[in-house]
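1. kindly generate the corresponding structure for this input.
(2 chains)
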Amino acid sequence: MLEEPLIQAAGFRNVGPDDARTGFQLRVRSPYYRGMWANLLDRPTVIVDGEEFDGDDIRWTLPTGEYSFAELQASTDARWPMDEPAVLTVPKPGGLPRGIHDVTFVLRVRMSYIPEELQPSIWTATRKAVIVR
Amino acid sequence: MSTDNLPFGLGVSLYSYTEDIGVTMTVQECIEDVADLGATGLEILGEGHIRDYPNPSTAWIDAWFARNERLGLTPTLYGSWLDTRRFPGRGMTVAEGVEQLELDLRLAGRLGFSFLRPKIGVITEDLQVDPIWAEAVERNLDLATELGIVICPEIHWPTVIKSPVVEEYLAFKERTGSAQFGLLIDTGVFDLQRYPRRGGSATFQMGTGGARPPEVPFVPVSDLAEVMAHTVYFQAKFYEIDDDLTDHYIPWREIIDVALEAGYTGWFSSEYEGHREPYRASDQLRRQHALIRQVVAERG
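-> Numbering: from 1, shown residues only, chains lettered A, B, ... in the order given. Take a look at the predicted model:
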């Protein structure tokens, strides 16, 4: 089972060797009421302690595979199921310092059945999340 | 008339459990709950509730049938999408629409469904549907016949019954003469007042511009009588039934009267769409089914 907040406490961690972190990961639950073809996603935004990370550089790990954002957009079979988390890998040399961070995740999805003037659909979730090591 | 001998089928859409699925309940637990509350029809969203969509394992399919048989549930409607803006920078071609619909029809057929609702992309602010829909559906009518599935786009507010979109659907039905095509009425078009929905795990906005959703009035239940001949399915959309078993938002007595008057014997499939909070759907679905059964008993 997943936590109700979109940003999960579990899975928020630095990546790369201990002495040469390359970035961090964020595990997020989908707020959409269905699973989706992942090329319905528009560029996401991740903000940690006020620092904004470009969605073009964020890699997505989904049950169907691991993708750069460009690969996700070009994919025809990548999927994000509603009840399985996505792991976002964000490049940041040195990683994040140990401790509690203010994390914001902005998810953008194109819903074809809503007029284009009202798109994309945008969910914004914020929570405090902990980097343990 | 006994309330256990309803003149129509009473089901539940798993959409109702959106805030619970994956957080407080598994899809399987939701299906158990549908049976526990006394429903006999089971509606799903193909892309939402089928593990490993569009290629569920044989084990998943076997478990689906075994569970439904054990619980006395009949698969009713399979919700699908024609995501016409799926490909960044371009629209969906007719061939891609045909392919998507065929994929969902075959999967729905494999799982024993009788109805499929394609949610069709729109091209204008007033919700005109993408014209690829007609050929995408028409090229799949033979397959739908073979599978015994009726394709029914939904009439869902802010698209209402007296609208160009409905005229377009009815013209299609008349032109093709197909029995595999009809209308799904979402009872949210009959709202008596707007429901102040709260909750959700994140703030939500549609677009970044100043565009506002269209101001479309809800419609009187009398509009329903005019399309009953083409109505094959009801999504019994509701938001909240209060502690006195009263729904202040959807006029169930009027809706059920029109349906019964027209001799409707199909499904009413509950779609809870109240506050976006876990642990509400199970209780609210029971209230709504008690209310609908009560209304039928009064009419008996």
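
2. which stretches of the chain form helices?
-> Here I'm looking at chain A. With DSSP state H as the definition, chain A shows helices at residue ranges A:69-74.

3. hmm, no, I was thinking of chain B.
-> B:27-36, B:46-49, B:58-71, B:94-110, B:132-138, B:141-147, B:164-176, B:222-227, B:252-261, B:281-299.

4. please identify the most buried of those.
-> For these, the largest average neighbour count (mean count of other CB atoms under 10 Å in any protein chain shown) is found in helix B:46-49, namely a mean of 25. C-beta coordinates here come from the backbone N, C-alpha and C atoms, glycine included.

5. report the central residue of the chain.
-> Chain wasn't specified; assuming chain A. A:Leu88 (4.1 Å; CA atoms, centre = their mean).

6. you answered for a different chain; I wanted chain B.
-> Central residue of chain B (CA atoms, centre = their mean): B:Gln235, at 4.5 Å.

7. which ones are touching the residue nearest to the centre of chain A?
-> A:25-28, A:44, A:46, A:58-61, A:105 (CB atoms under 8 Å, 6 or more residues apart in numbering or on different chains).

8. surely B:Lys162 and B:Ser222 touch.
-> No - checked against CB atoms under 8 Å, the pair B:Lys162 and B:Ser222 is beyond contact range at 10.6 Å.

9. residue ranges with poor pLDDT in the chain?
-> Went with chain A since none was named. Within chain A, no range satisfies pLDDT under 70.

10. hmm, no, I was thinking of chain B.
-> For chain B, the ranges with pLDDT under 70 are B:1-4.

11. could you measure from the nearest residue to B:Gln294 once chain neighbours are set aside over to B:Phe190?
-> Nearest non-adjacent residue to B:Gln294, counting by CB to CB, 6 or more residues apart in numbering or on different chains: B:Leu245, 6.9 Å away. Look at B:Leu245 and B:Phe190: by CB to CB, to the nearest Å, they are 19 Å apart.

12. more crowded one of those two?
-> Neighbours per residue (other CB atoms under 10 Å in any protein chain shown) separate B:Leu245 from B:Phe190, with B:Phe190 holding more: 24 against 11.

13. quick one: the strands in chain A, in order.
-> Remark: strands assigned in chain A by DSSP state E are A:13-15, A:23-28, A:36-37, A:41-48, A:51-53, A:59-62, A:65-67, A:79-80, A:86-91, A:99-109, A:121-131.

14. reformat the ones you listed as TSV; add distance to B:Leu45.
-> TSV is the format used below for the strands of chain A (distance: least, CB to CB, whole Å):
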stretch	distance to B:Leu45
strand A:13-15	32
strand A:23-28	20
strand A:36-37	11
strand A:41-48	18
strand A:51-53	32
strand A:59-62	18
strand A:65-67	23
strand A:79-80	13
strand A:86-91	19
strand A:99-109	15
strand A:121-131	17
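
15. out of the ones you listed, which gets nearest to B:Gly182?
-> B:Gly182 lies closest to strand A:36-37 among those, at 26.7 Å (CB to CB).

16. stretch B:178-187 near chain A anywhere?
-> No - for a cut-off given as CB under 8 Å from any CB of the partner chain, stretch B:178-187 has no contacts with chain A; the smallest distance is 12.6 Å.

17. contact partners of that stretch?
-> B:77, B:115, B:117, B:137, B:141, B:144-145, B:149-157, B:161, B:166, B:169-170, B:172-173, B:224, B:227, B:230-238, B:250, B:255, B:271.

18. distance of A:Asp102 from B:His275?
-> A:Asp102 is 27 Å from B:His275, by CB to CB.

19. ah, wrong one, I meant B:Arg106
-> According to CB to CB, B:Arg106 and B:His275 sit 36 Å apart.

20. so who does B:Tyr78 touch?
-> By CB under 8 Å, 6+ apart, the neighbours of B:Tyr78 are B:43-46, B:104, B:107-108, B:111, B:113, B:115-117.

21. what does chain A have sitting close to chain B?
-> So chain A meets chain B at A:1-6, A:29, A:31, A:33-37, A:39-40, A:63, A:73, A:79, A:81-84, A:107, A:110, A:112-125 (CB under 8 Å from any CB).

22. spatially nearest residue to B:Glu168 (excluding sequence neighbours)?
-> Using CB to CB, 6+ apart, the closest residue to B:Glu168 is B:Val129 (7.0 Å).

23. tell me the contacts of the nearest residue to B:Val160 once chain neighbours are set aside?
-> Nearest non-adjacent residue to B:Val160, counting by CB to CB, 6+ apart: B:Val219, 4.7 Å away. Taking CB under 8 Å, 6+ apart, we find B:Val219 in contact with B:160-162, B:189-190.

24. for B:Val34, same thing?
-> Contacts of B:Val34 by CB under 8 Å, 6+ apart are B:11-12, B:14, B:42, B:71, B:73, B:285.

25. of those residues, closest to chain A?
-> B:Leu14 (9.8 Å; CB to the nearest CB).

26. which one is the most far-flung residue of chain A relative to its centre nearest to, not counting chain neighbours?
-> Within chain A, A:Pro115 marks the point farthest from the mean C-alpha position, 25.2 Å out by CA atoms, centre = their mean. Excluding the flanking residues, the one nearest A:Pro115 by CB to CB, 6+ apart is B:Glu125, at 4.6 Å.

27. count of neighbours near the one you found?
-> B:Glu125, neighbours per other CB under 10 Å, totals 14.

28. ok, A:Phe53 next?
-> There are 19 residues near A:Phe53, going by other CB under 10 Å.

29. pretty sure it is touching A:Pro44, no?
-> No - contact criterion CB under 8 Å: A:Phe53 and A:Pro44 do not qualify, at 9.1 Å.

30. and the helices of chain B as TSV, adding distance to B:Pro88?
-> Formatted as TSV, the helices of chain B follow (distance: least, CB to CB, whole Å):
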stretch	distance to B:Pro88
helix B:27-36	30
helix B:46-49	19
helix B:58-71	31
helix B:94-110	14
helix B:132-138	17
helix B:141-147	29
helix B:164-176	26
helix B:222-227	37
helix B:252-261	41
helix B:281-299	34
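
31. that concludes my questions; thank you for your assistance.
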